[in-house]
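**Student:** have a look; sequence and predicted model below, questions after that.
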Amino acid sequence: MAQARALSRAAWARENATEFVTTHVVNIAGGLLFLLLVVFLLWPISAVLVKGVYGPEGLTLQFYEKFFTAYYYRSFLNTLLLGVLTTSVCITAGFCIAYLTTRGPRFLRSPLKWLTLLPLIAPPYIFALSIIMLFGRRGFITQLFNLDLQIFGFTGVVIAQTLAFLPLAYLIIENMLTSLDSSLEDSAANLGASEGKILRSITLPLLIPGFLKGSLIVYVMAVSEFGNVAILAGRTPFLAPDIYTIVTGIETDFHMAGTLSMFLLLPVAIIFLVQNYFYKDKGYVTISGKPSYAEPRRIGWLILIPMMVMASIAIGLIVLSFAVVFIGGFTRIVGIDNTFTLAHIMDWRANHPLIGSLRVSLLAGLFGAALGIFIAYAVVRGKFKGRGALEGLCLAGFAMPGTVLGIGYLLAFNSPPLLLTGTMIILVLNSVFRFAAVGMEAGITKLQQLSIEVEEASRNLGASTPTTFRRVVLPIIFPAAMYGFIYVFMTTMVSLSAVVFLTSPAYPLVAVFIFQWAQYGYIGLASATTVKVIAIVAICLGIIQLMSRWTGFSIARRD
Amino acid sequence: MVINDVRKSFGQVRALRGVSAGIGRGELISFLGPSGCGKTTLMRVICGLTKPDAGEIILEGRVINDVPPDRRGIQMCFQNYALFPHLTAAGNISYGLQVHKWKKEKIRARVEELLRLVQLEGLGDRRIDEISGGQQQRVALARALALAPKVLLLDEPLSNLDANLRVHMRATLREIQRKVNITTIFVTHDQVEAMTISDRLVVMNQGIVEQVGTPVEIYEKPRNEFVAKFIGYVNILQGVVKDTSDTNGSAVIDTELGESEIAPGDSRLSRGEKIYIIIRPEAVRIDTGKSAGQMNSFPGSIRSVMYAGSTVKYTVAVGGKDLIVDEYDPTTHGIRGMGERVVAEIPRNVHILRADSRTSSGAPAEGG
């Protein structure tokens, strides 16, 4: 009797526990995800920043004092200016092109779009290579027109960074413009506003959240993704290459690196806060009613022509750069011995790092997409406190300059229990946590479209939370996961700023190799390897496209 | 305002296939039709957002086809209101005035006046997402009226409101329209809404006009089967004229139900002619057998019952044909049961369609 009661009590407890887990599984998962983000984002970042104020004798401001000596301070101002200039040009050109691809002449839309997105599949410093080959002392254009150009320095850096990160600005603005209800512009026209007035008073103000988001991303990339900067800066100091030198140089000084990181981060943090807190409530979506499906009005010539000029310059330079890097990959020594050769393409030194990068990028893409989707689900469907913090932390990882996160990983994971330095895991983890936000954002958008009733219906039919997630939610957010995968994969293939601190001889990465070759002046080898990276990324995207057509899963971001 | 034979195609789709209509000053005219009938395209043509392939829009005796949208004096209220989300209610209303470079004081006075007109006094400083759907609707109306246009276009303005608010806004809209005395074109697919609010209706289908007339004309004398069905008639009987009598102007028709005697009104019928008799559901009387065997009474049984408070809608199977019958005041009459044997009596005074007048567009008629 007593035994039977004990048995039933055990069964009851077990059942209760199952029930508890079922109902709280999202919240528990959310907590675990939060813990992961704390370990792999918050801790490394703090580790870097603490170094800046904590010397051998305890708390100190001596490194900050040193910062304000002429050299680093100038470096900071240069970086600030670089970021601001690059961001302004990217946002302006990105807006012009996005306006053209959403409202411009129909036949131009698709070609403009794909050409603008081209730099995404190449390492950002492809533009440093192309600028050297075009405008350098022995560059094609320099020799053709017999010019005397000084490309090493501020101008070259800004041009290269602008071309490299234009697609990021374009993508965000284009997305905003597409979702902007065109009846707003129609209605302003109907009230008598001219094209220019509509642009000024309706379109541009409504795009402000998009501009802020674009600015944040472009600024971070421009100041931290330092391939172009290091190759083209010459004697002009910038923070990110300075940090690189301090950390990898002869006299490694993590304290100074921490201090410089703080100043690299400061402007980013300000934009981040403005965007996420000041402007959060001002996100304008369609207020009510059905969206209008009417075709947007035609653009007037007065607006069309300046935009076309802007777009042509940007896209012309992008295409020219790709062409010249391709040529460079098959030229013995650009500018000196312009004869065709297959030597660079056949160079065996590129093979090992290419395979390494591909492996790391595929793994990072897979886990990055999965992490992003899980966080998205926890944020949208969870009922625990701190969902906002979870989302914010994930976004902060994305907004973090890669340089800072790279050093952070170096500092945080070089001792037990998490001794990861020199492994492949650290490379994968770094990319996963840095870019998970992309999959998360796409996932959140999808999940918000999917009404909770659909999931409740599934649960009502007897499916458990994990089953519901697998059978109902996953198919619907699959496009978001795919988008996250593509982004993380592509960026990991070509990004340099974080992994340059974490790579080791056993796990070489192609981005780091190309960067170093370019710095040593092996332009041909760097170009040929860049061409290979572009080809690999393009082939992978093609396979994904084929697979998605084959399986019927859409990879389009909006549908 | 005159719309003269307007045509518009989008690729293969012929959205407007020759639409003509005249609108008097201060009149509220509704363009009514199922979705995809070309109403919205016509609106966009009228206010100049879309260029017609052929035809003319004439306003006050002047062809305005080539007048740009902002100089036509025609204001459109969009279906989704298209309110500027980054401006306040007052900011939205004053947008057109600012564009036309009005003086600050004049703008302020005009906005106050308009807010009063649409009963939104004191809400001018609210952001658009801080006011209700009905209030947003009124802001959109005030914004459209701000420049005192000659013609106001309302594109399904009430379709985003819930049922009760919709009825209320209908009255408000009509009241404001009368007060301002503005020529108004109202687009809707809701026949009740169109009938209650308008001076006249234009029933459209597949890019052409099926019928123009006052709500009474349209309801009592639909010109063809499409209009009849769209406006809410459900009982359409096929028949052949068997006999006509000159003494009392009635005719005997051999219908699907059996022989019935009707008064065809002003339409002259000839023997042997095929016609359609259309009967409003509320005009059919049913009872439990008193009138059996009389003229126009047919025995049948109740196939379905739908209770709607003030009325009960019955489907009565008579022979092989279903008749839809509305009976008012069920509280007094009681509700009949399923399968109950009844006698349905159709009225003598009915509207008649010739066999060749199914629709003007030649398209299959589908009820609305």
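**Tutor:** Thanks, I have the structure now.
**Student:** residue contacts, A:Asp148?
**Tutor:** A:Thr142 (Cβ atoms under 8 Å, 6 or more residues apart in numbering or on different chains). (C-beta placed from N, C-alpha, C; glycine too.)
**Student:** that one - that's part of a helix, no?
**Tutor:** No: applying DSSP: H, G, I helix; E, B strand; the rest coil, one finds A:Asp148 to be coil, outside a helix.
**Student:** show me what the longest helix seen in chain B is packed up against.
**Tutor:** Ranked by number of residues, the top helix in chain B under DSSP state H is helix B:163-180. Contacts defined by 3 or more Cβ pairs under 8 Å, 6 or more residues apart in numbering or on different chains; DSSP states H and E place helix B:163-180 against helix B:104-117, helix B:133-145, helix B:191-197.
**Student:** and of those, who's closest to chain A?
**Tutor:** Nearest to chain A, of all the helices and strands packed on helix B:163-180, is helix B:133-145, at 5.9 Å by Cβ to the nearest Cβ.
**Student:** tell me the contacts of A:Leu199?
**Tutor:** Applying Cβ under 8 Å, 6+ apart, we find A:Leu199 in contact with A:Ile303.
**Student:** just how off-centre is stretch B:328-346 within its chain?
**Tutor:** 30 Å (Cα atoms, centre = their mean, to the nearest Å).
**Student:** list the buried residues of that stretch.
**Tutor:** Residues of stretch B:328-346 classed as buried by neighbour count (16 or more other Cβ atoms under 10 Å in any protein chain shown): B:Pro330, B:Arg336, B:Val342, B:Val343, B:Ala344, B:Glu345, B:Ile346.
**Student:** in the longest helix of chain B, what's buried?
**Tutor:** Residues of helix B:163-180 classed as buried: B:Leu165, B:Arg166, B:Met169, B:Arg170, B:Thr172, B:Leu173, B:Arg174, B:Ile176, B:Gln177, B:Val180 (neighbour count, 16+ other Cβ under 10 Å).
**Student:** ok, now stretch B:279-290?
**Tutor:** Buried, per 16+ other Cβ under 10 Å, within stretch B:279-290: B:Ile279, B:Arg280, B:Pro281, B:Ala283, B:Val284, B:Arg285, B:Ile286.
**Student:** same deal with stretch A:407-417?
**Tutor:** Buried, per 16+ other Cβ under 10 Å, within stretch A:407-417: A:Ile407, A:Gly408, A:Tyr409, A:Leu410, A:Leu411, A:Ala412, A:Phe413.
**Student:** between the two ends of it, what distance do you get?
**Tutor:** Across its full length, stretch A:407-417 reaches 18 Å between end residues, using Cα to Cα, to the nearest Å.
**Student:** can you tell me what sits against it?
**Tutor:** Against stretch A:407-417 from outside (Cβ under 8 Å, 6+ apart): A:43-48, A:51, A:243, A:247, A:254, A:257-258, A:261, A:418-421, A:426, A:429-430, A:498, A:501-502.
**Student:** average pLDDT across that stretch?
**Tutor:** The predicted model assigns stretch A:407-417 a mean pLDDT of 86.
**Student:** got it, and stretch A:376-394?
**Tutor:** 85.
**Student:** now stretch A:535-554
**Tutor:** Here the average pLDDT along stretch A:535-554 is 80.
**Student:** likewise stretch B:286-295?
**Tutor:** When pLDDT is averaged along stretch B:286-295, the result is 71.
**Student:** tell me how far the helix or strand where A:Met256 lies is from the chain's mean position?
**Tutor:** Taking DSSP states H and E as the definition, one finds A:Met256 inside helix A:254-273. Centroid separation between helix A:254-273 and its chain, computed with Cα atoms, centre = their mean, is 18 Å.
**Student:** now swap in stretch A:361-369 and tell me
**Tutor:** 14 Å.
**Student:** so for the helix holding A:Met256, what gets flagged as buried?
**Tutor:** A:254-265, A:267-268, A:271-272.
**Student:** if you count contacts, what does it end up packed against?
**Tutor:** Using 3+ Cβ pairs under 8 Å, 6+ apart: helix A:254-273 touches helix A:43-53, helix A:62-67, helix A:70-103, helix A:208-224, helix A:239-248, helix A:387-399, helix A:402-412.
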